[in-house]
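**Student:** Here is a sequence with its predicted model. Questions after.
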Amino acid sequence: MKRFFLKVSALCFLLFIAVLTSCSDNEDNSTVNMQSQDQDISEMILSSDMDVVTASIEDYMIETYENQEGEEARGVAGSSKLMPECATVTIDAEQNFRELTIDFSSQGCVIRGHLYRGQIVLTYTRDIDAEEISLSYVLNNFYFDNKQVSGSNTILKTLSNVNGNPQFTHTVNLTVTWPNGVEATRDGQIVREWVEGFGSGVFTDNVFEVTGYWASGFVNGNTHNYEILTPLRREMTCYYFVSGILSVERTLFSGELDYGDGNCDNQATFTFESGTVINIFI
């Protein structure tokens, strides 16, 4: 009888240990999953920060090109119109080829609230009769605010798309490094349709609708895939997208990032597939 009691006691003890181990494993897995999700969300915020970087640089490249072409159409070979005094512009003109080197120096220049430092080199071939014009730009030791940005991109300008509007198709290949050493890349294709303000001569009244897709990659191997479901609205009077919806796909989660209903602010919301909604501050 005593031997039987010992056997039962030993069995209960083993079961107790097994339950404790199982609970511990579940807690560990839950903690790991929470940490991974938190990291993914923080990376999504960094990717949204990259949205501001890429959109601002694209705005500036389009403005620089349109300004240069407008001045040349009026018979001015080279112009620094709308360029800040702290920027030095060098133009290399050979037949229909143009190369514009914009040097913001190591001190930098403030462009619409953002500090630009380093160089941007914009090149293109002029053809006033062409329906499409290809531009490219290279970033040399370039900083956007406190972030280093490197890469070389191409822009295909279509004079008139199916809606009768100018359109710019950007092939994006950029790397952004934050002051704390975090680094991320962006590869994809972004299409910007010029829906308002074209031909007014005032760039700040322009509005673009943005579509496309891209991937944001991080040095730890994580990759976030994005696709625009509802066109992102880019108004030149605002630092941020004011509306539009992005689809986000990640290993541990997916959902939609919503930039809002037209207000100019740094707030967005992310809705997980489960229906949970969180606020994102860019």
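**Tutor:** Looks like it came in fine.

**Student:** Within the helices and strands, which one has residue 58?
**Tutor:** Assessed by DSSP states H and E, residue 58 sits inside helix 2-73.

**Student:** actually residue 149, sorry about that
**Tutor:** Residue 149 is part of strand 147-158 when elements are defined by DSSP H and E.

**Student:** Name the strands paired with that strand and say parallel or antiparallel.
**Tutor:** strand 132-144 (antiparallel), strand 167-177 (antiparallel) (DSSP bridges).

**Student:** Output that strand in PDB, but only the C-alpha positions, please.
**Tutor:** C-alpha atoms of strand 147-158 as PDB (Å, rounded to 0.1, in the frame of the first residue of the first chain):
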ATOM      1  CA  LYS A 147      19.200  60.700 -41.700                       C
ATOM      2  CA  GLN A 148      21.800  59.700 -44.300                       C
ATOM      3  CA  VAL A 149      20.200  58.800 -47.600                       C
ATOM      4  CA  SER A 150      22.100  57.000 -50.400                       C
ATOM      5  CA  GLY A 151      21.100  55.600 -53.800                       C
ATOM      6  CA  SER A 152      20.400  56.400 -57.400                       C
ATOM      7  CA  ASN A 153      16.800  56.500 -58.800                       C
ATOM      8  CA  THR A 154      15.200  56.900 -62.200                       C
ATOM      9  CA  ILE A 155      12.000  58.900 -63.000                       C
ATOM     10  CA  LEU A 156      10.000  58.400 -66.200                       C
ATOM     11  CA  LYS A 157       7.900  61.500 -67.000                       C
ATOM     12  CA  THR A 158       4.800  60.900 -69.100                       C
END
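
**Student:** you'd agree residue 240 is up against residue 262?
**Tutor:** No: in this structure residue 240 lies outside contact range of residue 262 using CB atoms under 8 Å: 11.4 Å. C-betas here are computed from N, CA, C, even on glycine.

**Student:** These two: who's more crowded?
**Tutor:** Using other CB atoms under 10 Å as the criterion, residue 240 and residue 262 rank with residue 240 on top: 20 against 10.

**Student:** So which residue is dead centre in this protein?
**Tutor:** In the chain, the C-alpha nearest the mean C-alpha coordinate belongs to residue 51, at 2.4 Å (CA atoms, centre = their mean).
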